[in-house]
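Student: okay, predicted coordinates and the sequence, questions at the end:
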2 protein chains.
Amino acid sequence: MTVAFKQQSADRLQESLALVQRLIERQRQLEDLVSRPEVSEPPTDPLAPHYNLEALRLKLEQLHPADVAHILEALPLEDRLLVWDQVDGARDGAILLEVSDAVRESLIEVMEHGELVNAAEQLDADELAELAPDMPRQVVYEVMGGLDEEERAQLQSALSYDEDKVGALMDFDLVKIRADVSCEVVLRYLRRFDELPAHTDKIFVIDDLGLLKGVLSIRKLLVSDPDALVAEVMATELVSFSPDEDAADAALAFERYDLITAPVVDEAGKLIGRLTVDEMVDVIREESDSEVLNLAGLKEEEDLFAPVIDSVKNRWAWLAINLCTAFVASRVIGVFEHSISQLVALAALMPIVAGIGGNSGNQTITMIVRALAMGQMQLSQAWRLWRKELRVSMINGVLWGGVIGSVAWLLYGSFSLGLVMLGAMLLNLMLAATMGVLIPCLMQRSGRDPALGSSVLITACTDSGGFFIFLGLATLFLL
Amino acid sequence: MTVAFKQQSADRLQESLALVQRLIERQRQLEDLVSRPEVSEPPTDPLAPHYNLEALRLKLEQLHPADVAHILEALPLEDRLLVWDQVDGARDGAILLEVSDAVRESLIEVMEHGELVNAAEQLDADELAELAPDMPRQVVYEVMGGLDEEERAQLQSALSYDEDKVGALMDFDLVKIRADVSCEVVLRYLRRFDELPAHTDKIFVIDDLGLLKGVLSIRKLLVSDPDALVAEVMATELVSFSPDEDAADAALAFERYDLITAPVVDEAGKLIGRLTVDEMVDVIREESDSEVLNLAGLKEEEDLFAPVIDSVKNRWAWLAINLCTAFVASRVIGVFEHSISQLVALAALMPIVAGIGGNSGNQTITMIVRALAMGQMQLSQAWRLWRKELRVSMINGVLWGGVIGSVAWLLYGSFSLGLVMLGAMLLNLMLAATMGVLIPCLMQRSGRDPALGSSVLITACTDSGGFFIFLGLATLFLL
């Protein structure tokens, strides 16, 4: 018996990627040699490109769909399509599910109608629902026609929810039993399956009307007396979700209670599906990705090798907003042009005041946004936290304002310029602390996502505010 | 039979928190009334505070340890300690495991030696290893003395790994069997357990020497013929980890292959523990948290109600770095003070050039850092991606440079000032694209984490570079 451990999986995956890249390169060389027989001596075997492709196909066959997806994502478009052509059509659906949205689009674009129908037909209703928005409408209709009534109802139900709701992520492949049978009967019933649904850690107990009565965990089933009734060993205290709950909230609950699967029930308490931890892990990953991407001013995850024009489109919105706020800040400076012309040192010092305000404001707003998102802070505590942040900013203001004020004093030989610098730093940091608490609380209160654009807003405040405070103080006291 | 569904868990948790807060407030009022009997008429029952605390204790008893942890995190220090006092000592350990590092510190600080030993003694070796770094050394020694030899070896092994390695996160509570028994025997063996370890989705098959031979998934066991031998139905193709692999890589593998548990083996192939998905979810969450916190310039997750001085300490490092880079940028402006004194409009326009460069550079660097972290990009592709990013930045440069150049032309009535603005925007965006690719690639090459501080570095480049380019061009062509 041989044991084939896939150890050090990250390294293994990189090796697979490197091998695929070598095979692609060799393919291009071989095709080139065969098409120009005059350059190679002895002439290359005309079948060599064919054998090389075969090697690529075999390599891909051995890989997990998720690994093939990873390789597709790491390749430039023309190489990606060459690899995609070598993937067994029977695995197209599974791989399309795994790739990122941007790469999925690039693959679906080159696939023919028949291929797409073929790929979609291999999928369960819940998987199909995940792909459907990216598929040509005609393909979805055609596949839908081939489903049985129950599956079609499931697909339509899944499609009726926003993609960030529990209903859009639930799956329908689950094991149901009645409460009045014995564990022995359950074990015999399970043995009739060819395979249990993925991630089955519990069996759902329902009544004649389909209402959820409890869950029987497999761990419990395995240690229970075979004669015990399901009703005696099942759990009735359980975490369930409704289909229109936010997926992010469900993911937090999975994290908090260490769940593997959980039932989804409708308002009447009827079992309509289940959530599995692998989907929730994806939700957590996507949430954190979009947080980081938003912070950096990107609309969404970009295909690394996207055409230039797609990248421009993905990035322009935040750049435009940034430009507007920078323009406002610039006009604030414009108001004080007379002061700057009298004391040019102001022009050199003003970005320091604005910069440290932005940095400090971002620290505060990040704290508050996270606390609101995790439900660790209520709006009623805003007042208390504002006072705390204000104290932190005052210490920082005196500390760093003192440092940079002294430097300005030494550099320009003006004690009062140093004092203005200190005062401006202190006031701008206090402004940053105030807006850092106020902005996310106002956004939360008006029902908006406090994370979206908060970094841009705080920087706009600390830039314009910083320039105004510093140049204003300088105009009052120095000129 | 009553079914107690914990539906809408996010709302339920907020309700629990609100109730606890009301009980705390009432407790303070009651204590106040009892201590000053003269103010209330009729006098308050002296036992009222006692009954109120009892209600709090009962409420806490009904909550999952993770929920108690959440409530503790959401309370200011004095309220947190009041609640902590009412928690059943037998649950202290489980709750300490769930709270954030900062809050854990605040709780351990007020606990007495005996309480800590008590709390630690309830934990498994792997859980104890997680708490040990925060515990007083004396407590750890005392608890260690009470462990049996196997547990002590496990604890020492877990403590010997860095906290971001697989070895530090693995757990030792797993079910092992031999390959030469039948499924029937396995089922009978399992029935002898009172309870199977949490998250048991597979049983590990080992030989006499403890070498891992394969895994028997519970799903497979349940559908197999009872007479079949384990060797026939177990899987030998499996993902395993070594204890000194990065936990983040392991988490990516869990995500990629949808794992619930996976074996950890040493170099010889001996089974030494297992990883479970709940730990991996925590790793994913922590990774993304530290990414966001680093981007915002925070050293680590902060207790929302931390003393002001702790907050200052957590935040000062990045503020200091920011101040240094801002100072450099300020000196660049200082070099051109003569130009600014001749054309004050430059002072107002220069932050726009620097700002958009920083925004665009952050977009590029975020893309590259993420691609490197996910293993989707090799350094060999840097050249290709640089050319792409350069093209994106040139389009943006001409576009937004044209817009803001025209505005400058209209505003200041100088066509050549508008041209300088356009040229400076274009060049600074190209600089941003170049440094956005170069910085993370150089960091990766020198074995550093490309994410750490990348945002600060790129902003430093685009600020200083932007001021230099704009003021330099203006000095050359306008004066």
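Tutor: Cool, got the structure. Residues are numbered from 1 along each chain as shown, chains lettered A, B, ... in the order given.

Student: for the stretch 51-200 of chain A, which segments are assigned as helices?
Tutor: Under the criterion DSSP state H, counting those that start in this stretch, helices of the stretch 51-200 of chain A are mapped to A:65-73, A:77-86, A:92-98, A:101-110, A:113-121, A:125-131, A:137-145, A:149-159, A:166-169, A:183-191.

Student: now find how far off-centre the fifth one is within its chain.
Tutor: Same thing as helix A:113-121. Relative to the centre of its chain, helix A:113-121 is centred 27 Å away, using CA atoms, centre = their mean, to the nearest Å.

Student: next one: phi and psi at A:E237?
Tutor: For A:E237, the backbone dihedrals (degrees, to the nearest 10) come out as phi -90, psi 110.

Student: one step back: which one, of the helices of the stretch 51-200 of chain A, ends up nearest to A:A373?
Tutor: Minimum separation from A:A373 across those (CB to CB) falls at helix A:166-169, 17.7 Å. Every residue, glycine included, has its C-beta placed from N, CA and C.

Student: is there proximity between the closest one and chain B?
Tutor: No: with CB under 8 Å from any CB of the partner chain as the measure, helix A:166-169 is seen stopping short of chain B, the closest distance being 10.6 Å.

Student: now do stretch A:76-87
Tutor: Yes: for a cut-off given as CB under 8 Å from any CB, stretch A:76-87 has contacts with chain B, namely A:P76.

Student: do you know how far the nearest residue to A:E337 once chain neighbours are set aside is from A:A345?
Tutor: Taking CB to CB, 6 or more residues apart in numbering or on different chains as the measure, A:E337 lies nearest to B:V344, with 4.4 Å between them; neighbours along the chain are not counted. Going from B:V344 to A:A345 by CB to CB, to the nearest Å gives 13 Å.

Student: residues of the stretch 351-479 of chain A that sit close to chain B?
Tutor: When proximity is defined by CB under 8 Å from any CB, the stretch 351-479 of chain A lies next to chain B at A:351-352, A:354-356, A:359-360, A:362-363, A:365-367, A:370-371, A:375-378, A:384-385, A:388, A:391-392, A:395-396, A:399-400, A:403-404, A:407, A:455, A:463, A:467.

Student: please list only the buried members of those.
Tutor: Burial by neighbour count, 16 or more other CB atoms under 10 Å in any protein chain shown: within these this picks out A:351-352, A:354-356, A:359-360, A:362-363, A:365-367, A:370-371, A:375-377, A:385, A:388, A:391-392, A:395-396, A:399-400, A:403-404, A:407, A:455, A:463, A:467.

Student: re earlier: what's the closest of the helices of the stretch 51-200 of chain A to B:R285?
Tutor: Smallest distance to B:R285 across those (CB to CB): 18.2 Å, for helix A:166-169.

Student: what lies in contact with the closest one?
Tutor: Contacts of helix A:166-169 from elsewhere in the structure, counted by CB atoms under 8 Å, 6 or more residues apart in numbering or on different chains, are A:126, A:129-130, A:157-163, A:241-247, A:250, A:264, A:273, A:275, A:279, A:283.

Student: could you redo the last one with a cut-off of 10 Å?
Tutor: For helix A:166-169, the external contacting residues (CB atoms under 10 Å, 6 or more residues apart in numbering or on different chains) are A:126, A:129-130, A:133, A:157-163, A:241-251, A:262, A:264, A:266, A:272-273, A:275-276, A:279-280, A:282-283.

Student: also near chain B: which of those residues, exactly?
Tutor: Among the contacts of helix A:166-169, the residues lying close to chain B (CB under 10 Å from any CB of the partner chain) are A:241-242, A:245-246, A:248-251, A:262, A:276, A:279-280, A:282.

Student: same list, the helices of the stretch 51-200 of chain A, but as CSV with mean neighbour count please.
Tutor: As requested, the helices of the stretch 51-200 of chain A are arranged in CSV below (neighbours: other CB atoms under 10 Å in any protein chain shown):
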stretch, mean neighbour count
helix A:65-73, 23
helix A:77-86, 17
helix A:92-98, 21
helix A:101-110, 17
helix A:113-121, 17
helix A:125-131, 22
helix A:137-145, 15
helix A:149-159, 17
helix A:166-169, 24
helix A:183-191, 17
